[in-house]
Every structure is written in structure tokens, then in C-alpha cells.
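[1] Quick one: sequence plus predicted model below, questions after.
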Amino acid sequence: MLRNFVLIIGLVIIIVAVYFPTRHARHYSYIKVENVASEIEWNAPAEPRSKNCSYENLILNNVDIDIRSIYDYREFEAPLKGGEHKPKGCAPLIKTALIVPYRNRATHLEIFLNYMHHFLQNQRIHYQIFIVDQNDTLPFNRAKMLNYGAKVAIEMDYSCLILHDVDLIPINTGNIYGCSKMPRHMSSSLDTFRYNLPYLTLFGGAVAILSSQYKRVNGMSNKFYGWGAEDDDFYRRLIANGIMPCRFSPEVSRYTMLPHMKEMASAERFTVLTQVKEQHKLDGLSSLSDNIVIKPKNLYTHIIAS
């Protein structure tokens, strides 16, 4: 009886620790919806004489998307080979590389691609989707895959990078997929956290950052194998270089997470986090190998790396 009582109390404590809203960073600074447009880093139109695409109404007239509909098939215009799309009828002021680290998530990828092509085309931005596939037997290295994707995208002249997990789906139409002047934590309002921010320095899930800023901090560390802590190191890199991340209002930052089995956190993550603290200039974009294969697919550019 006593043992069962102790187990029940322990379970209650765990539930409260994970889900009780007051444990989260309930109050944090963010850019209000009416000020979002002034924070976006707009590109000069590639065709100066064309009518520019408009984005202000998209942001201000934000609509919540029914989470139950994310699995529905959505119509979208077939992109160019490699998953690139440019809007017709206006000159886009946003050019974005959407970079997704990936391994063995075929069902999630199918849902993600169908949803995101439709979502991004409705935003009338110039975008390309890069799926970076880790092709080895080592534990998954999310940050390293993001680095490879960023390197390819930067070489293809993308000035805005969005680092995006395959199981995250934006559910606000006003969540503009462009870069702001400072790096942006896009997924600050996630359903698995009851739309609360777990902690103030969280900087993972979906992140938008200018290519110039990503290069300035030498990208992310390549040393985090297994789940956890690579985002914490990335945040530290930004702060160490005088770059303060930002967030937009929760009303345009809501995401849902596709169901999946949670991976066990790496037992070495905090040790690695301590070890890489002073290695930012040597460990990252600058230390990648050239051992990658790039294959343009119908809906995305497939980068195979290890």
C-alpha cells in the first residue's frame, strides 16, 4: 500500500513538473503583430519594375488553422525541381531556404511537404525546401544536418534560413516565413507545452536567421550526437556574438507537433555542452566535410550527409 502511494505521488509530481503552466516562462518579451512588418528583413525585388508582393494583410489578418485539418490533402502548385517556388503575378520580397534535418520519418515528411508547400505558396514568398538526410549509423546529429543544409542554401544565395524540425506544423496563417532583423524563435507557442514557453533561452524547433548571422556565429556545433543541448549551445553562440534573438506575438507563433515516440535524451549532452563552450570559431560551418550528395527531387532538394 505504501509503495503504491509513493508511486502515485511520484507520478503526480512528474505530471505537474511537465504540464503545470506556472513552471513555464509565462511572461516574455515579444514583437506585437502590428509591428511585425517593420521587423522583417525585406529583400529588394529581383524584378524592380514588377508589382511587389504584399504581406501586411497576411500578417494582420492572421487566422488559426484547425489542427485536425493538417493531415488533409492540400492543393498547391508544383514547385520547380528541387522544391523551389516563386509566386506569379508579383515580385516576392522574401527569399527563404527551409532547412529540415531528417532521418527515418517518412510519414512525417509526407505530411510536412504537403502542408508546407500549400502554406508557403499562400504567403507569396520565394522559397526552397531542403531535406538533409543523415546517412550513417551514428546517433542523429540534428545540428550537423542543419549546418550542411545551411551551407548549401548559402551557396545558392539564400539570405534567409529557416531551421525547421519535420514534426512541427505552423497553425497561424500570419506566421510569415521570412527572417527578421534579429534571429527569431518561431515556434515559441507549441501545443505540447500547452502553448507556453518552457524557458526563456529556448531556441529550437523552428528558427529563422539571416545567412549573414549564421555565418557570423559559425553555425551550430557538429558535436552533439543524440537528442538535446545543441539548441542551448546555439543560443550561447548568438549571445557571445552580441546577437539577441527575438520572438513574435504568440498569436502568430502557434505550432502543433506531429505525434511520435520521444527519443531518450543523450546522456552526454551536458558534458558536450561544456566541452564546446570555447570552440565556436573552430566547430561549425567551418569544420564540415565535403562528403555530401545533393539530389533535386520533385518537392525538395535532398541532401545526403554523414
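    Okay, I see it.

[2] what sits against the residue positioned nearest the centre of the chain?
    Residue closest to the average C-alpha location in the chain (CA atoms, centre = their mean): Ala206, at 2.1 Å. Contact partners of Ala206, counting by CB atoms under 8 Å, 6 or more residues apart in numbering, are 162-165, 168, 170, 185-187, 255. Bear in mind the C-beta positions are built from the backbone N, C-alpha and C, glycine included.

[3] Which members of these are positioned in strands?
    162-164, 168, 170, 185, 255 (DSSP state E).

[4] Distance check, Glu110 against Asp133.
    15 Å (CB to CB, to the nearest Å).

[5] Give me the residue ranges of the protein where confidence is low.
    Within the chain, the ranges that satisfy pLDDT under 70 run 1-26, 260, 265.

[6] What segments of it are helices?
    With helices called from DSSP state H, the chain shows them at 2-19, 36-39, 56-60, 106-122, 142-155, 211-216, 230-240, 269-275.

[7] out of those helices, nearest to Lys81?
    Closest to Lys81 of these is helix 106-122 (CB to CB; 13.7 Å).

[8] chain center to that closest one, what's the gap?
    14 Å (CA atoms, centre = their mean, to the nearest Å).

[9] for stretch 249-268, same thing?
    The answer for stretch 249-268 is 11 Å, by CA atoms, centre = their mean.

[10] Also stretch 189-202?
    That offset, for stretch 189-202, works out to 14 Å (CA atoms, centre = their mean).

[11] what's the nearest residue to Ser29 once chain neighbours are set aside in contact with, if anything?
    Leaving aside its sequence neighbours, Ser29 sits nearest to Arg247 (CB to CB, 6 or more residues apart in numbering; 7.4 Å). By CB under 8 Å, 6+ apart, Arg247 lies in contact with 28-31, 184-185, 188, 197, 253.

[12] Just to check, Val272 is in contact with Gly226?
    No. With contact defined as CB atoms under 8 Å, Val272 does not count as touching Gly226 (9.1 Å).

[13] Give the residues shared as contacts by these two.
    Ser266.

[14] just to revisit the earlier point, mind putting the helices of the chain into a markdown table with distance to Leu202 and mean neighbour count?
    Shown next, in a markdown table, are the helices of the chain (distance: least, CB to CB, whole Å; neighbours: other CB atoms under 10 Å):
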| stretch | distance to Leu202 | mean neighbour count |
| --- | --- | --- |
| helix 2-19 | 15 | 10 |
| helix 36-39 | 20 | 16 |
| helix 56-60 | 23 | 15 |
| helix 106-122 | 21 | 18 |
| helix 142-155 | 15 | 23 |
| helix 211-216 | 18 | 17 |
| helix 230-240 | 7 | 20 |
| helix 269-275 | 14 | 15 |
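
[15] Out of the ones you listed, flag the one nearest Leu285.
    Of the helices of the chain, nearest to Leu285 by CB to CB is helix 142-155, at 5.6 Å.

[16] How far off centre is the closest one?
    Worked out by CA atoms, centre = their mean, helix 142-155 lies 13 Å from the chain centre.

[17] Now that helix - C-alpha only, CSV.
    Output of helix 142-155 as CSV, limited to C-alpha atoms (Å, rounded to 0.1, in the frame of the first residue of the first chain):
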residue,chain,number,x,y,z
ARG,A,142,20.4,17.4,-35.8
ALA,A,143,22.7,20.5,-35.7
LYS,A,144,25.2,19.0,-38.1
MET,A,145,22.5,18.3,-40.6
LEU,A,146,21.2,21.9,-40.3
ASN,A,147,24.8,23.1,-40.9
TYR,A,148,25.0,21.1,-44.1
GLY,A,149,21.7,22.4,-45.3
ALA,A,150,22.6,26.0,-44.4
LYS,A,151,25.9,25.7,-46.3
VAL,A,152,24.2,24.5,-49.5
ALA,A,153,21.5,27.2,-49.2
ILE,A,154,24.0,30.0,-48.6
GLU,A,155,26.0,28.9,-51.6
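
[18] which strands and helices sit next to it?
    In this structure, helix 142-155 makes packing contacts with strand 95-102, strand 126-134, strand 160-164, helix 211-216, helix 230-240, strand 301-305, judged by 3 or more CB pairs under 8 Å, 6 or more residues apart in numbering; DSSP states H and E.

[19] need those in TSV with distance to Glu56, can you?
    Formatted as TSV, these follow (distance: least, CB to CB, whole Å):
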stretch	distance to Glu56
strand 95-102	18
strand 126-134	18
strand 160-164	18
helix 211-216	24
helix 230-240	28
strand 301-305	30
